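Visitor: Any chance you could fold what I've pasted below:
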Amino acid sequence: MTTDTPRRIVLLRHAKADWPEVPDHERPLADRGRREAPAAGRWLADQGILPDLVLCSTAIRTRDTWKLLAPELPHRPPTRYEDRVYEASPGELIALVNQVEDEARTLLLVGHNPAVHATADILTGGGDPEARAGLAAGFPPATLAVLTLDGDWSSAEPGSATLTHYWTPRG
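Guide: You can find the predicted model right below:
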């Protein structure tokens, strides 16, 4: 793959979490989240947006989102559970994207708000008007934003990507 091959960044906010009295990192998915995570996987598979690499926060709710989404894909890509995704700022998430290996063409990053939403917003320099309107309206649990990036992963910076898809399980 050449460095001029477009890359795809798929940003996923974890599915709806429950609020039991446990540390934030240990929060599980709510029943709604357990339904919405596979729906996100089906949408990705239906669109033919198949990750080559997954970076997933180590929090229980993100790990469970990925575990419920993954069986909906035709194959399970390599997955890295990354401590740095939990409580990351948008700048830290972009720095992680910048470090992805050139062999990966499509990256799925499973993380948390507000950083996932802000990262999608910061990276987006243009794109589908309907997708941009969805992104501007918010980023509910289990929402996906798909961005394309020309060049290699190190070229991801503010305004460098095009928002091609925005999907939320609630419409």
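Visitor: Could you verify my assumption that residue 152 touches residue 99?
Guide: No - Residue 152 is beyond contact range of residue 99, at 10.9 Å (criterion: CB atoms under 8 Å). To be clear about C-beta, it is placed using only N, CA and C from the backbone, and glycine gets the same treatment.
Visitor: Who has more neighbours out of those two?
Guide: Higher neighbour count among residue 152 and residue 99: residue 152, with 17 against 10, using other CB atoms under 10 Å.
Visitor: Can you check the pLDDT for the more buried one?
Guide: In this model, residue 152 is scored at 94, pLDDT.
Visitor: How is residue 61 classified with respect to secondary structure?
Guide: Counting by DSSP: H, G, I helix; E, B strand; the rest coil, the backbone at residue 61 sits in helix.
Visitor: So it sits against residue 13, correct?
Guide: No - counting by CB under 8 Å, residue 61 stays clear of residue 13, with 10.0 Å between them.
Visitor: The residue nearest to residue 170 when sequence neighbours are not counted in helix, strand or coil?
Guide: When the adjacent residues along the chain are set aside, residue 170 lies closest to residue 140, with 6.0 Å between them (CB to CB, 6 or more residues apart in numbering). Here residue 140 is coil, with the state taken from three-state DSSP.
Visitor: that's a helix at residue 145, yeah?
Guide: No - using three-state DSSP, the assignment for residue 145 is strand, not a helix.
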